[in-house]
Structures are given as structure tokens and as C-alpha cells.
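# fold the stuff below for me.
(chains A and B)
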Amino acid sequence: MSTVVKVPLRYRIPWKKIVLYVLAVAFALYLVLPFYWIVAMSFMREVDAISVPPHWIPNPATLENYLGFVNPNEAQQLVGGRAIDETPYSLRNSLIVATSTAVLNLVLATFAAYSFSRLKFRGSQVLLVLYLLTRMVPGIAIIIPFYLLMRTFGLLDTYLALILSYTTFALPITIWILKDFFRSVPRELEEAARVDRCGWFRTMWSVFLPVAAPGLVAAAVFAFMTAWNEFMFALFLTSTEAAKTIPVVAANFATDFNTQFTVMAAAGVLAVVPPLVLALLFQRKLVQGMAAGSVKG
Amino acid sequence: MAALAERRPLGDNAKAWALNAPAIIVVTLLIAYPIAYSFWVSLQRHNLKRPRATKFVGLDNYGALLSDQAFLSALKVSALFVLLVLGLTVVLALILALVLNERFRGRGLLLSLALLPWAMPGVVNGLMWRTIFDAKTGALNGLLTQLGLIDGYQAWLTSGTGAFLFTALAQVWNTLPFAVIILLAGLSTIPAELYDAATVDRAGGLRRFVHVTLPWLLHPLLIVLILETMNAFRAFDTIYVLTGGGPGDATTTIALLDVQTVLTFTDFGLGSAYAWVITAITLLISVGYIGLLYRKGNFEV
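Numbers count the residues shown, from 1 in each chain, chains lettered A, B, ... in the order given. The predicted structure is shown next:
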């Protein structure tokens, strides 16, 4: 300890700061460059996108790849006809399925989470663990019975089949997130409402839920993203444009050898915009929720 | 416990279960029942193309696994994939979380960027890396050539080893944010006084990390290990789009093999047996996870 070399303070090289900034820049590039590449490609002409050496910036930039989804030109019709046609439908399907999942999930999870945050009841621990356990069940383990079940009820290739599966995926984690949010809502509010002789539903609707709104929004966003991003169940359960979601159609681009890279990139960008916008808008709450859903248990 | 429960107002119990009823019904119908039913299917010869041949065969499907080359190979690919993805994810996530735990200009921006891969659907992640790794036009080839690091364009995904490594890299990019967020949350709970004390004791950066940071991070690290193990073990979307399991079966993980068995060969019996092996392994891991949460006393209800 006595051999510390004394360097006058003002000459000391701020190694820590340098390392920090180098790492920060390196990570920023690592995180953003891959994404930049498909965004850039989606605004390029196909000739530029496949040129060697590559064009890093779309020049001339074109909206052709996006417009093609609405009104495909001859070349686009020739090479990627089906997937191109299906993209607008699948975006609509994804939107409907993800929104419905978010709403249904929120209703079910709010009831359950409220019970864990406000009521002391027998079996609550066991029930919470059971919810958590269902989250651990791999989707692949239930896909076959799920498929057979949906076939029996004639629900294959419908929104309902997808909404039901995604709600069960999102439900356990949403309950866990919401119970934490609900606990931070002061009890006095409800007690005051009770003194005013408001019924339970009235109290929930006009006092409790408005205060808990930020948590509810975060939970809804979680469920929306779960539903929007899911692929395997959609692959099994849908077969036509009646219910195919955007991941299924996007995957079709990848397995089709004729596909233009630029159109595929544009479809990818369209698929990522909704979850990305939500993630950025609700960043703080989502980060809290993710941490609460796993670290705190 | 029981005595305590007796004294509680009875209304709470009934109300709580009533509130949970809808969730319980959905979960039972759509998870508990299917998983039990899938075990039943796994005991049958059950091929959708030959419905008449459906027959109870006991544990035959499981017995067949032991000599099923495709299965054994997929199990090996999965295990290696988990190890590689997990190792890379944990190291990268730890470094990024430590960086984000410091104060510096642009920290908020970096945190937002870190959410980008998390928001990206696995399928799009696969598409994206496909265009990047492409042998003839890919961005990786372009970049490395322009930097003078390689002489000519390489076909990264045509050799088995190459495809495996690059698929793992694509998967790591996608799952990194989740690990970062959990570790960052763990880091933020470390009391500043501990660092102050360590600084007073003139502990260097490395010693501070080993003696202060790591012990506090142990729990979040274990959680990251467990959850990311499960993620990597079930990884499907990215691999399906990026390599489709190829070349050969170099990137055919167990999840991919299962989907092929079911979707392409409509062999529901064998597919269910595969699925049950996946479930059993996953359940073992999750028992460890829940036990961990309990032991750390983080399981207050």
C-alpha cells in the first residue's frame, strides 16, 4: 500500500472516463448498426442494396419498397408476390390480435393482482408460484394439444385462437407485475371511498384503477408486445390471410429465394415499428416491470 | 399458519378466489389441460396423415428417442447453443450493465438503444442477420472487406460450425437487453456506502468489483443464468428464419426438430415426446429458479 505512485492530480489521465466512453460507444454501435442496416436497406433500390462494395447510405433513397405493399410494381409482383400481398393483411391481423390480447389480459390480470395486493387469503403463496410455473412451460410443450383443441372447436386460422394463446402467455407475468404496482397504491384512497359508501366495483373503477393507471399501461404494453412478436403459435394456428400475423409473413420472405432484400427489409421494419415505439414511449415503466417481474420475484 | 388463517375474515378468502377464478380458468384450460393432454399424445402412435393408425403405444416414443440420431444430435446442438449464448450474453450484459450504472453523458440514449433488440421480434431478428451475414451482398462482408480484415467475401453460414457460431451471435444480440436490465436493477440496489467504504480502504477497481459488486450481483446473475438458459434452450424464431436448422442439422436445436417433426411430418406422437423432454428439462431449471427466489427471501406475498 505504501508504494502508491503519487501523480499530481491535474496530470492524471482519466482512464476510467476513457474506458467508459470507449465501451459506451462500442456498445451503442453494436446495438444500433445491425438495425440501421435493415432500415437503410428498406429505403434503397435493390441494385444498391446488393452492390459490392455496399452502399451504406440509401442514395438515391426510395419509398418504392414500402409503396409496393399497397401497390406492387411489376418487378415486385414477379418476385415476391404472395408475401407482398399478405403484408398489409398481416399487419392488420397483428394489430387486432395484439390489442385484443392486451385488453383481455389486463382485465383478467387486474382481478387476480388486486387479490394478491390487498387481500390476505389462504393459498395465495401457492397460487402465485403456480402462476409463475405456468410461465416456465415451454410453448412447444402445449402447441400440439392446443392445435388439436382449436381444430375441434373450429378455431384454426381465427383471431380468437391467437388471442387466447397469447393471453395465457402474458397473464402470469402481468399478474406479477401488477401486484407490485398495486401495492404501491395507498390503501387510504379505497378506505375513503368506502366511507363514502361506494361499492367495490365503483371504488375500483373510479378510485383505484385511475391511480394505478401507469402500471396498467405498462402491463398492457407488455401483453401487446408479447402478442405482436410471437411466431411459433402463429405458424401452427394460422394458414391464410384471415389470421396470419406479421411474423409469419415476414418469415415467408426469408424462405423464399426470389425475395428482394429491400422488400424483405421494409417488411421487417414495419414489423418492428409498433413494439419499438411502445418500448421507447414506456421505457421507464417497462424497465421497472421487467426488473420487478424477475429480480424481486 | 393455519391458526393465523382461521382468524382472518372469511370474506377475504372467498373474494380473493373469486377474483382469481377467471385467470385460473384460462390457465387451467389453456396450459394445464394441454400439457397433460400432450403427455397422453406422447404415449400414442399419432400421425395426422394416418388418423386410423392412432394407437396407444406406452413409452415407445420415449424408448425410440434413445436411438434416434436426429434427437440426440439436436440435444447436443441445443446444449452447445445454450452454453455459447449464455456465456456471451452474461459477459456482454455484465459489462454493459456496469457501464450503464455509471454517470456519463449519453447514458439515457445508451439505455434506450439497449431496449432496441428487446423490442425486435425474433423473426425480424433472423431476417436482419440474414441480410447482414449474406455471402454475396451482406453488410458483414462489406464492412470487413472495406476495413481490410478479409480479402474477399466469405460464406459465413455454409459451414456447420460457421452457421452455428453466427446463429448464436444473432441470438445473443436479441436476448442481451433482458439480461442487462435485470443486472442493472441489481446494481442499483448496492448501497453507495459500500463503495465509499471500499474507497476509504483504498481498494482498487478490480478489488471493489470482486468484493463489493459481485456478491451483491450474485442473485440477479443467477436469475439471468436461469432465465437465459431457458430462453436459449427454447430458441426458435431467429434460428428458423436465419438457417432453418441447416446446413444439414448443424443448427437444428431440439425446438426446431420438434416443430419440423410436427409441421412437416405431422408426427404428433413423437413430437409430443420431444416436447416432454424439453418440458422436463425446463421444469428442472425452473424448480431451481423458484427455490432460489424462496431462499433469498424475495418471495414476500
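# what pLDDT does the residue nearest in space to the middle of chain B get?
Nearest to the geometric centre of chain B sits residue B:231, at 1.0 Å (CA atoms, centre = their mean). pLDDT, residue B:231: 85.
# likewise for residue A:83?
Looking at residue A:83, the pLDDT reads 77.
# from residue B:89, how far off is the residue nearest to the centre of chain B?
Going from residue B:231 to residue B:89 by CB to CB, to the nearest Å gives 9 Å. Every C-beta, even on glycine, is put in place using the N, C-alpha and C of the backbone.
# who touches both of those two?
Listed as contacting both residue B:231 and residue B:89 by CB atoms under 8 Å, 6 or more residues apart in numbering or on different chains are residue B:175.
# got a list of what residue A:233 touches?
With CB under 8 Å, 6+ apart, residue A:233 has these contacts: A:139, A:143, A:146, A:162, A:165-166.
# for the chain, which spans come out with low pLDDT?
All of this refers to chain A. A:1-10, A:77-81, A:257, A:291-297 (pLDDT under 70).
# my question was about chain B
B:1-10, B:203, B:293, B:295-301.
# how about stretch A:262-269, does it reach chain B?
Yes - shown here: stretch A:262-269 in contact with chain B (CB under 8 Å from any CB of the partner chain) through A:264-265, A:267-268.
# for chain B, state which of those is nearest.
residue A:268 (4.4 Å; CB to the nearest CB).
# which helix or strand lies directly C-terminal to the lengthiest helix in chain B?
Using DSSP state H, we find that the single longest helix of chain B is helix B:69-100. In the C-terminal direction, the helix or strand that comes right after helix B:69-100 (DSSP states H and E) is helix B:107-119.
# contact partners of that following helix?
Contacts for helix B:107-119 (CB under 8 Å, 6+ apart): A:24, A:27-28, A:31-32, A:35, A:225, A:272, A:275-276, A:278-280, A:283, A:286-287, B:96, B:99-100, B:125, B:173-178, B:180-181.
# in helices, which of these appear?
A:24, A:27-28, A:31-32, A:35, A:225, A:272, A:275-276, A:278-280, A:283, A:286-287, B:96, B:99-100, B:125, B:173-178, B:180-181.
# just the buried subset of the residues you listed, please.
A:24, A:27, A:31-32, A:35, A:225, A:272, A:275-276, A:278-279, A:286-287, B:96, B:99-100, B:125, B:173-178, B:180-181 (16 or more other CB atoms under 10 Å in any protein chain shown).
# neighbours around residue A:156, how many?
18 (other CB atoms under 10 Å in any protein chain shown).
# ok, now residue B:235?
Neighbourhood size, residue B:235 [other CB under 10 Å]: 26.
# surely it and residue B:171 touch.
Yes - shown here, residue B:235 and residue B:171 form a contact pair, counting by CB atoms under 8 Å, at 5.5 Å.
# anything in contact with each of these two?
B:81, B:85.
# the residue nearest to the centre of chain B is in what secondary structure piece?
helix B:214-234.
# I'd like to know which elements that helix is packed against.
helix B:69-100, helix B:160-187, helix B:254-263, helix B:268-295 (3 or more CB pairs under 8 Å, 6 or more residues apart in numbering or on different chains; DSSP states H and E).
# go again using 6 Å as the cut-off
Here helix B:214-234 touches helix B:69-100, helix B:160-187, helix B:268-295, going by 3 or more CB pairs under 6 Å, 6 or more residues apart in numbering or on different chains; DSSP states H and E.
# do the longest one and chain A meet?
Yes - counting by CB under 6 Å from any CB of the partner chain, chain A is contacted by helix B:69-100 at B:96, B:99.
# would you mark the buried spots in that helix?
Buried, per 16+ other CB under 10 Å, within helix B:69-100: B:70-71, B:73-75, B:77-78, B:81-82, B:84-86, B:88-90, B:92-94, B:96-100.
# pull the distance from that helix to the chain's centre.
Taking CA atoms, centre = their mean, to the nearest Å, the mean C-alpha location of helix B:69-100 is offset from the chain mean by 9 Å.
# one more: the last one?
Mean-position distance between helix B:268-295 and its chain equals 13 Å (CA atoms, centre = their mean).
# for the residue in the stretch 201-301 of chain B positioned nearest to chain A, list the residues it contacts.
Nearest residue of the stretch 201-301 of chain B to chain A: residue B:286, at 3.7 Å (CB to the nearest CB). By CB atoms under 6 Å, 6 or more residues apart in numbering or on different chains, the contact set of residue B:286 is residue A:136.
# switch the cut-off to 10 Å
A:132-133, A:135-137, B:226-227, B:230 (CB atoms under 10 Å, 6 or more residues apart in numbering or on different chains).
# got it, and residue B:15?
A:114-115, A:118-119, A:121, A:200, B:9.
# now do 7 Å
For residue B:15, the contacting residues are residue A:119, taking CB atoms under 7 Å, 6 or more residues apart in numbering or on different chains as the criterion.
# buried stuff in stretch A:242-258?
Neighbour-count burial for stretch A:242-258 flags A:243-254 (criterion: 16+ other CB under 10 Å).
# so which of the residues you listed are in strands?
Counting by DSSP state E, no part of the buried residues of stretch A:242-258 is found in strands.
# buried ones in whatever helix or strand comes next after the helix holding residue B:231?
Tracing the chain past helix B:214-234, the next element assigned as helix or strand by DSSP H and E is helix B:237-242. Judged by neighbour count using 16+ other CB under 10 Å, the buried positions of helix B:237-242 are B:237-242.
# these: which ones sit near chain A?
Among the buried residues of helix B:237-242, the residues that sit close to chain A (CB under 7 Å from any CB of the partner chain) are B:237, B:240-241.
# JSON lines for the residues you listed, including distance to residue B:221?
As requested, these are exported to JSON lines (distance: CB to CB, whole Å):
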{"residue": "B:237", "distance to residue B:221": "26"}
{"residue": "B:240", "distance to residue B:221": "30"}
{"residue": "B:241", "distance to residue B:221": "30"}
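# which among those residues gets closest to residue A:53?
residue B:241 (26.0 Å; CB to CB).
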